[in-house]
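Asks: no sequence for this one, just the structure:
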């Protein structure tokens, strides 16, 4: 029996990624070119569930196929050490590394045995990259869950600039983070070079791309989808990548063994997907919001489609400046989106329903 073609697990690379073709092409090309490509330093930005980690993991897979060494980390106090250790492992696998010593004006670093255990982080990385580059290999560093306040991240991006631009090393840096965290990174004076990084915004997937990917995913397991069932799935997904995987995963389970996927399969599949979306994304998003954020969202509930900022100000009894401040906060967090001038709507599928249940 065919296996489920959908994988909603965190960070897993599904068999088919709906949409994102242009972003995938940019990341793949950067690795194929290897040097001087503007996408070699890329920042993936989007709310939870928009596929940032999956794209990072797909890039790691491509890098290995193209004979790059890889270092995959998350922001944290030991991030730089993790990058060093993973790069050391890659260098250790190269032939004829033992016995190499490289001198710099400041320190002599040995690649024998301990592999560059002395010197600054940048000095050590420069020597390790020299060893990789000499064998025609580059290094891809992937950083997930970017947090601006982490000094290790500031050090990494500053040193990356020197290694890639000033020293000409074959090294790439792909990062991913939530909109608000990435905004803080770009404000940081030391990390100002990120303003020149390629920023990829992960928004909603067009319905045509969802339709094509859903149809092909089921076709991969020998199934077709009735038009009514497919339409209901597309509506429920609302362009949200994580929901695409959830709806597909559960609908495939209910239709397992059936040659044709019908509304009787899609209906319970959509309900199961919504329940898991609530538990894994909506509740976590609400937990991160302030009381002011939640009040703003509650004021949007009387409107079925979109809310005007004027109406929100009247309902909240607050000034236009107050409304504008919280609008910007929620836009950066990916919780709402603009719909024309002076109008907003909910961006996360299921968020309205969750707020209505708690009100």
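Replies: Nice, I can see it. Because the structure is predicted, anything quoted here is derived from the model rather than measured.
Asks: where are the low-confidence patches of the stretch 51-200 of the chain?
Replies: Scanning the stretch 51-200 of the chain with the threshold set as pLDDT under 70 gives 96-118, 183-195.
Asks: let's go with 80 and repeat that
Replies: Screening the stretch 51-200 of the chain residue by residue with the criterion pLDDT under 80, one finds the ranges 95-119, 148-149, 179-197.
Asks: Please, where are all the strands along it?
Replies: With DSSP state E, counting those that start in this stretch applied, the stretch 51-200 of the chain shows strands at 69-74, 101-103, 108-110, 139-144, 171-177, 198-201, listed in chain order.
Asks: can you put those strands in CSV and add mean neighbour count and distance to residue 278?
Replies: From N, CA and C alone the C-beta is placed, and that goes for glycine too. Supplementary listing: the strands of the stretch 51-200 of the chain in CSV, determined by neighbours: other CB atoms under 10 Å; distance: least, CB to CB, whole Å:
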stretch, mean neighbour count, distance to residue 278
strand 69-74, 20, 25
strand 101-103, 11, 55
strand 108-110, 16, 52
strand 139-144, 24, 24
strand 171-177, 25, 23
strand 198-201, 16, 25
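Asks: Looking at the ones you listed, which is nearest to residue 350?
Replies: Taking CB to CB as the measure, the strands of the stretch 51-200 of the chain were each checked against residue 350, and strand 198-201 came out nearest at 21.5 Å.
Asks: Need the contact partners of the closest one.
Replies: For strand 198-201, the surrounding residues in contact (CB atoms under 8 Å, 6 or more residues apart in numbering) are 23, 26, 38-39, 41-46, 182.
Asks: Dump those residues into TSV; add neighbour count and secondary structure as well.
Replies: As requested, the contacts of strand 198-201 are arranged in TSV below (neighbours: other CB atoms under 10 Å; DSSP: H, G, I helix; E, B strand; the rest coil):
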residue	neighbour count	secondary structure
23	19	helix
26	15	helix
38	13	helix
39	19	helix
41	24	strand
42	24	strand
43	22	strand
44	28	strand
45	25	strand
46	21	coil
182	23	helix
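Asks: Return the member of these nearest to residue 304.
Replies: Sorting the contacts of strand 198-201 by distance to residue 304 puts residue 46 at the head of the list, at 25.7 Å, by CB to CB.
Asks: Please verify my assumption that that closest one contacts residue 337.
Replies: No: between residue 46 and residue 337 there is no contact under CB atoms under 8 Å: 11.8 Å.
Asks: Which neighbours do those two have in common?
Replies: Shared between the contact lists of residue 46 and residue 337 (criterion: CB under 8 Å, 6+ apart) there are no residues.
Asks: on that earlier part again, between the contacts of strand 198-201, which is closest to residue 305?
Replies: Using CB to CB, residue 46 is the member of these that lies nearest residue 305, at 22.9 Å.
Asks: show me the contacts for that closest one.
Replies: If you count contacts by CB under 8 Å, 6+ apart, then residue 46 has 52, 178-179, 201-203, 334 around it.
Asks: Look up how far residue 53 lies from it.
Replies: Residue 46 sits 10 Å away from residue 53 when distances are taken as CB to CB, to the nearest Å.
Asks: and residue 50, how many neighbours does it have?
Replies: Neighbouring residues of residue 50 were enumerated by other CB atoms under 10 Å; the total is 27.
Asks: residues in contact with the residue lying closest to it once chain neighbours are set aside?
Replies: Leaving aside its chain neighbours, residue 50 sits nearest to residue 202 (4.0 Å; criterion: CB to CB, 6 or more residues apart in numbering). Listed by CB under 8 Å, 6+ apart, the contact set of residue 202 reads 20, 23, 44-46, 50-52, 55, 241.
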